[in-house]
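make a model of this:
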Amino acid sequence: MSFPINRPRRLRRTETIRRMIRETRLSPDNLILPMFVCAGRGVKKAVTSMPGVAQMSVDNIVAEARETWAAGVPAVILFGIPERKDAQGSEAWNDNGEVQRAIREIKERVPGMAVITDVCMCEYTDHGHCGALTGNDVDNDATLELLTRSALSHARAGADIVAPSDMMDGRVGAIRSALDGNGFNHVAIMAYSAKFASAFYGPFREAAESAPQFGDRRSYQMDPPNGDEAMREVALDLEEGADIVMVKPALPYLDLIWRVKHEFNVPVAAYNVSGEYSMIRAAGINGWIDEERATMEVLTSIKRAGADLILTYFAKEVARKLRA
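So this is what the prediction gives:
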């Protein structure tokens, strides 16, 4: 039957009816808040390209984690900004480094919160690339040892989940083997499985102080046109022991979030990255869009595409809105 018998607008008429038949429901349980940990005490340094986001010392990270947990967000992911950088990024596996201290403090003071850690070298190397260099090339196999050291250090500090974001071949298997061989078989791996060489990372590189000092990352991050290759990357990470797989960025790759969820039927994360955040925030500040509505629309679209978990800088405020 068709119009006038069928009138889809009947079920859009009031907010109550719309709420009753809503197909996709965003929950605070779907959200993960990224945070940037720096040295010092009492530090809260605003990131100019990401209004509302700051680099924070461990004491402020713990306070933010407590507020985030109270808002209903179950997890944070930590990125470290060391005082000292070198060619190998050795501060990444310093058991007294900023991230490791933050893990211990959060687990002690906000014990229910899940703590995830980014495992990559770009924040720690003086050249800004995601691994050890041979000449001007990132040496894939030499980097695996550095990543496993970092993951083990995070596990010793109490991380619940480690999240390798480097896009080196074989890194999930190397980390899984190292964790299991050292008594950390309970620590999960959330792999950045389909991480693209995206133009949307710019603000993050200010926040994490991780811009490459030469060249770019296209020899190890994925080429944006390649969807089938992304599926192969996901399959490899699952074979190597990934517990959760991620698509990054989220918005330009909603089709791939959908494909991953439907082809593999495993927990899928998506990263609502810094450029996506900053565009909405800047447009909202300038009055060009309704920021709150745009944020909810974007995050709902990511959930609708198939993401179980969404890493987003909006996590705390969105969780409060959802629980209001």
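
give me the neighbour count for V268.
26 (other CB atoms under 10 Å). (Glycine included, C-beta is placed from N, CA and C.)

thought it was touching I244?
Yes - counting by CB atoms under 8 Å, V268 touches I244, with 7.3 Å between them.

buried sites along stretch 62-80?
For stretch 62-80, the neighbour count (16 or more other CB atoms under 10 Å) marks 62, 64-65, 68-69, 71-80 as buried.

most widely separated two among those residues?
Pairwise distances across the buried residues of stretch 62-80 (CB to CB) peak at 25.8 Å, for the pair G72 and G80.

skipping adjacent residues, who's closest to A46 in space?
In space, and not counting its chain neighbours, A46 is closest to A54: 5.1 Å by CB to CB, 6 or more residues apart in numbering.

name the element A235 belongs to?
If you go by DSSP states H and E, A235 is part of helix 227-240.

who's in contact with that helix?
With contacts defined as CB atoms under 8 Å, 6 or more residues apart in numbering, helix 227-240 is touched by 170, 172-173, 176, 191, 193-194, 222-223, 245, 247, 253, 255-256, 259-260, 263-264, 266.

if you look at these, which of them are in helices?
V172, G173, R176, D255, L256, R259, V260, E263, F264 (DSSP state H).

you'd agree G275 is up against A207?
No - judged on CB under 8 Å, G275 makes no contact with A207 at a distance of 11.5 Å.

K303 and K316, how far apart?
For K303, the distance to K316 (CB to CB, to the nearest Å) stands at 17 Å.

what's the answer for P51, then?
For P51 relative to K316 (CB to CB), the value is 14 Å.

out of those two, which sits in the more crowded spot?
The neighbour count for P51 versus K316, taken as other CB under 10 Å, is higher for K316 (22 against 16).

just to revisit the earlier point, out of the ones in helices among the contacts of helix 227-240, which one sits closest to R149?
Out of these, the member with the shortest distance to R149 (by CB to CB) is R176, at 14.6 Å.

what residues are up against the closest one?
By CB under 8 Å, 6+ apart, the residues touching R176 are I189, E240, G241.

re earlier: joint contacts of V268 and I244?
In contact with both V268 and I244: D308, L309, using CB under 8 Å, 6+ apart.

please name the residues that touch I302.
I302 sits next to A250, L251, L254, I257, A270, N272, I310 when contact means CB under 8 Å, 6+ apart.
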